[in-house]
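J.: compute the structure for the input listed below.
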Amino acid sequence: MKNIKKYILPTVISTVLIGCGGSDESYSSFDEQKVTYDVENIVESFLGSNVDYAVKYKSKGYAGELVKYYDKNDNIVDFKIPTNTIANHGCKAEALSLDNRKFNSMIDNNGTYFNVKPLSNNQRLVIISSFPTVFTNKYLGNTSCRYGNYSFNKKYIIGKSNEKLIELDGNESMAKKTPLLKLSQANRLLNRKHLSKTNLNNGKVTVNPYSSSIINFSTHEFIVNKNGEVKTYDKNSNKYVSLPNTKGTEWQFYSDRFLISKAYGGTAIIYDVTAKKRLNNASISVLQNLDTNLKNIEEATLSYGLVPNAGGQLINSNNETIEHGTPYKIVSSNYNSKTYVYLLEKGQWKKSKFELGNDISFLYLESKLEQASAIASSYNDAFIEPESGTYFATKDASNSGFKLAIGYSGQEAVIPDFSNYLDNVHIINNKFVVETSTRIFDYEERAFYLIDGKTKKIIGAPSEKLTMINASAHN
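T.: As a prediction, the model looks like this:
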């Protein structure tokens, strides 16, 4: 038998039993083996199983989360994970089935998880979480046949030919692309009506709190460390490389060419991805005291970020179009009637040819935001796709449910009878999935609906309480 470990503890127990009159060693036998996996073969098998998405769910009477896989026709895929474990003492080391409680870890109540997520550039992210590392054949004379020590974790990126490109450590995560923005976020970034507010009692004009959401308008993902270090994919070398001098900063906005940090000490930092350096002379000054009266200061930044891909381009000072992903800031002077867009050109801030509101590209963006805003029961209950202008907004919402209005290509479809509240909209392999929630603290229940034109279909069974959905990659 391979990988058999003999422990001192069973011998001690046996000695104690003999000292007490016991003599049957079988009652004290303890036999277990290390569990290993052919991860590459498992990944290849998964990619060939036509899995389109994976869900996590909880079942009645069990605190841990289980996993199910579905194909593109929404049928369950019975995918199991084999282990390199030898049968012994009548034990059968079954392949792991992640929708079965006996193969599940309850570490942090997150459960055992496996998925291969699609990324850009024909890449995939392999996620292995809380896999068992020990198989006990026999314990104290009894046949045990159970997995244990759920401590095998791995996360790495593979390329088009399934070759490993990079392994992520425990402090690293992916900055995913942001195809959809919550309407409240989009309005705060780009809509004139949401940049500031006026106190009717004293006439004071103050800036609304700046957006704090992580937004990636790039064509690809980034790897971000908790210490701030950012890694990006280099097509020439087919490797992920660290961007120098990104540590020590919390980055908020991402594009192919630039990063912008969260504001700290009244300053947001800009990083040039192509030149691989911080643009210290182009940092954005923002207000720290949000109670400052804009009427009393010479100049104030009302909003800042990266230009989204929204069907049109912004116009610079030379009447030239600016590509999406370029840093911008919206600035008012003594809070008069003129509010200008400044765009970063060759490391310098230049005033756009038009003031905000006359720039045709901003008008396009605002028109889409206004369409969604006019429908939505709440700005926090609506989402918009800047590139296409497609929006998802609650309509006639109440405490018990809502209708969903979907606007696209100048048309609108209304799907009735959703319960609870709109919480999120996901894009799963080019399909839209609407997530709802009860929003009850410590008793939050979620539901996920596939949207097909003017119809919806709930995912899962009545006895399952879904908690998460993620796209899966397949060949």
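J.: give me the number of residues near Asn216?
T.: For Asn216, the neighbour count with other CB atoms under 10 Å is 22. Where C-beta positions appear, they are placed from N, C-alpha and C, glycine not excepted.
J.: my bad, should have said Lys277
T.: Residues lying near Lys277 (other CB under 10 Å) number 13.
J.: quick one: contacts of stretch 88-105?
T.: Applying CB atoms under 8 Å, 6 or more residues apart in numbering, the set of residues contacting stretch 88-105 from outside is 1, 31, 33, 35, 59, 62, 64-68, 78, 80-83, 85-87, 111-114, 130-132, 135, 137-138, 143-147, 150.
J.: oops, could you answer that again for stretch 428-442 instead?
T.: Taking contacts as CB under 8 Å, 6+ apart, the residues outside stretch 428-442 that touch it are 52-53, 72, 118, 392, 404, 418-427, 444-452, 456, 459, 469-472.
J.: which of these count as buried?
T.: By the neighbour-count criterion of 16 or more other CB atoms under 10 Å, the contacts of stretch 428-442 include these buried positions: 52-53, 392, 404, 418, 420-426, 446-451, 456, 459, 469-472.
J.: ok but Asn236 is inside a strand, no?
T.: No. Counting by DSSP: H, G, I helix; E, B strand; the rest coil, one finds Asn236 to be coil, located in no strand.
J.: how many other residues sit next to it?
T.: Other residues near Asn236 number 6, with proximity taken as other CB under 10 Å.
J.: quick one: low-confidence ranges for the stretch 301-450 of the chain?
T.: Residues of the stretch 301-450 of the chain that meet the criterion pLDDT under 70 lie in 310-321, 336-337, 353-365, 409.
J.: what about the strands in it?
T.: Taking DSSP state E, counting those that start in this stretch as the criterion, the stretch 301-450 of the chain contains strands spanning 314-315, 321-322, 327-333, 339-345, 348-355, 382-385, 390-395, 401-408, 411-419, 421-428, 431-437, 446-452.
J.: ranking these by burial, who's on top?
T.: Each of the strands of the stretch 301-450 of the chain was scored by mean neighbour count; the highest is strand 382-385, a mean of 26, by mean count of other CB atoms under 10 Å.
J.: what distance separates that strand from the centre of its chain?
T.: A distance of 16 Å separates the centroid of the chain from that of strand 382-385, by CA atoms, centre = their mean, to the nearest Å.
J.: so what strands line up beside that strand?
T.: The strands beside strand 382-385 in its sheet (DSSP bridges) come out as strand 181-182 (antiparallel), strand 390-395 (antiparallel).
J.: how about residues contacting the longest one?
T.: It stands for strand 390-395. If you take CB under 8 Å, 6+ apart as the criterion, strand 390-395 is touched by 180, 183, 368, 371-372, 375-378, 381-385, 402-408, 414, 421-422, 425, 432, 434.
J.: give me the nearest residue to the residue most central in space within the chain, chain neighbours excluded.
T.: To find the centre residue of the chain, average its C-alpha atoms and take the closest one (CA atoms, centre = their mean): that gives Lys176, at 5.9 Å. Leaving aside its chain neighbours, Lys176 sits nearest to Glu221 (5.7 Å; criterion: CB to CB, 6 or more residues apart in numbering).
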